[in-house]
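>>> Build me a structure from this.
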Amino acid sequence: MNKGLKALETKVLDRGQCAACGACLSLCPYLCSWKGRIVKLHDCDLSEGRCFSFCPRTEVDLDTLHQFIFGKSYEKIEAGPVRKVLMARAVAPAFKERAQNGGVISALIDLALGEGIIQAAILTERNTDLLPQGRIAKSREQVVSCAGSSYVAGYTLEALNRGPWEGEERIGVVGLPCQVLALARMKASSQKKRTPVDRVDLVVGVFCTWALDYQPFMGFLKERFGDRPISKLDVTPPPERLLHVKVGEELHRVPLDEVRPFIRPSCQACLDMTGELSDISVGTVEGAEGWNTVLVRTPKGEELIRLAGAKGALETRKYPEDIWAHLKEASILKKRRALSALKELQESDLPLSKKVIDKIFKEVAP
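Just a heads-up that it's a prediction; the model follows:
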């Protein structure tokens with residue numbers, strides 16, 4: 001079976017299933033990104049390639065990846081392996097003011113850089129026209145400049161592949177669930193030579209239910225707000241369900257139903273809401289503005305959270321049991337929707353092994 005660029009075109013790109021993670025970029029000379037799209041520059045005759053191997057939307061065995069990352073098979077179906085769940089928010093004003101919600105991700109990356117746990121971080125920076133792109137951050141100022149969410153899919157992992165790297169940096173990566181999955185595939189792949197992925201020592205996952213397709217979404221914003229610069233986007237938690245769009249100093253409230261047509265098709269087939277293959281996952285807290293949900297998944301993540309408390313970087317609280325139950329329900333609901341979408345794509349060509357599909361169905365079936 002072909003597992004090169006031809007197969008990537010057939011199984012992913014031509015079916016609108018690209019997740020815009022960036023794992024294939026700056027590796028293959030025949031692929032580049034342009035205004036939120038992957039563009040093929042030339043045909044490639046390789047029967048096996050990193051573009052296919054690293055992609056989060058080609059066939060993946062979650063049992064194998066969980067064994068590689070956590071030392072055990074894919075068992076915690078609800079929201080992935082969790083050693084500890086807590087509420088947290090950054091203490092430093094710089095992160096509270098610029099970051100989304102509690103600023104936990106910015107505070108953790110800043111702490112990891114300051115303590116020498118990592119020497120560089122792959123973050124996502126939103127440029128002036130809202131198109132996100134990966135950036136290498138090595139200072140607090142650079143971390144702060146990348147704070148906040150855009151809700152538009154961006155090729156963050158391209159910055160990891162592209163560098164430049166000096167060959168010794170330990171790297172942290174902050175990514176959406178599809179990017180975390182791609183990164184895990186890169187780390188476990190036999191084709192990872194000449195990539196810096198083995199120096200990735202910290203992975204922080206960002207909760208995500210969907211990401212928007214850049215070009216059609218920008219057309220919608222232009223029609224609604226003209227050429228006025230947009231400074232911030234924010235999705236309110238349930239039950240409000242609005243997209244807050246800050247245009248200059250004006251705040252506009254857009255119903256999410258008006259935005260949903262611009263969700264990338266690949267998001268419908270994504271099983272992961274919470275970045276299950278990360279060291280730490282961070283999202284919002286239902287009904288608690290200014291706080292983040294923190295799911296600690298690995299001993300490395302647990303040590304970083306402990307250090308953040310000891311150094312006064314984070315304020316933490318016990319996580320309410322009812323909100324934790326709601327979060328797990330939301331995660332399960334996403335898995336159910338994704339399984340339905342995957343089956344509609346093509347029964348005989350699902351990007352998951354039958355063993356994993358049967359396991360998920362057993363756990364999350366209505």
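>>> can I get the CA coordinates of stretch 322-335 in PDB?
What follows is stretch 322-335, C-alpha atoms only, in PDB (Å, rounded to 0.1, in the frame of the first residue of the first chain):
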ATOM      1  CA  ASP A 322     -19.800  18.300  38.800                       C
ATOM      2  CA  ILE A 323     -17.800  20.300  36.300                       C
ATOM      3  CA  TRP A 324     -15.300  17.400  35.800                       C
ATOM      4  CA  ALA A 325     -18.300  15.100  35.100                       C
ATOM      5  CA  HIS A 326     -19.600  17.600  32.500                       C
ATOM      6  CA  LEU A 327     -16.200  17.900  30.900                       C
ATOM      7  CA  LYS A 328     -15.900  14.100  30.500                       C
ATOM      8  CA  GLU A 329     -19.400  14.000  29.000                       C
ATOM      9  CA  ALA A 330     -18.400  16.700  26.500                       C
ATOM     10  CA  SER A 331     -15.300  14.700  25.600                       C
ATOM     11  CA  ILE A 332     -17.400  11.500  25.100                       C
ATOM     12  CA  LEU A 333     -19.900  13.400  22.900                       C
ATOM     13  CA  LYS A 334     -17.100  14.600  20.600                       C
ATOM     14  CA  LYS A 335     -15.900  11.000  20.300                       C
END
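>>> Would you mark the buried spots in that stretch?
If you call a residue buried by 16 or more other C-beta atoms under 10 Å, then stretch 322-335 has these buried ones: 323-324, 327-328, 330-332, 334-335. From N, CA and C alone the C-beta is placed, and that goes for glycine too.
>>> can you tell me which of those are in helices?
323-324, 327-328, 330-332, 334-335 (DSSP state H).
>>> Please convert those to TSV, extending it with pLDDT and distance to residue 186.
Below are those laid out as TSV (pLDDT from 0 to 100; distance: C-beta to C-beta, whole Å):
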residue	pLDDT	distance to residue 186
323	95	33
324	96	31
327	95	28
328	93	28
330	92	28
331	93	24
332	91	27
334	92	23
335	89	23
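>>> correct me, but residue 121 touches residue 169?
No. Using C-beta atoms under 8 Å, residue 121 makes no contact with residue 169, being 9.9 Å away.
>>> So between these two, which is more surrounded?
Comparing residue 121 with residue 169 by other C-beta atoms under 10 Å, the one with more neighbours is residue 121, at 28 against 17.
>>> roughly how far apart are the closest residue to that one other than its chain neighbours and residue 211?
Once flanking residues are discounted, residue 121 sits nearest to residue 172: 4.3 Å by C-beta to C-beta, 6 or more residues apart in numbering. Residue 172 sits 21 Å away from residue 211, going by C-beta to C-beta, to the nearest Å.
>>> for residue 253, same thing?
20 Å.
>>> So which of these two has more stuff around it?
Ranked by neighbour count (other C-beta under 10 Å), residue 253 and residue 211 place residue 211 first, with 25 against 10.
>>> how about that one, what does it touch?
With contacts defined as C-beta atoms under 8 Å, 6 or more residues apart in numbering, residue 211 is in contact with 20, 151-153, 176, 263-264, 267.
>>> if we take those residues, which one ends up nearest to residue 316?
Nearest to residue 316 among the contacts of residue 211 is residue 176, at 23.9 Å by C-beta to C-beta.
>>> Report pLDDT for residue 363.
Listed pLDDT for residue 363 reads 65.
>>> Name the nearest residue to residue 202, ignoring sequence neighbours.
Of all residues not flanking residue 202 in the chain, residue 172 sits nearest, at 3.8 Å (C-beta to C-beta, 6+ apart).
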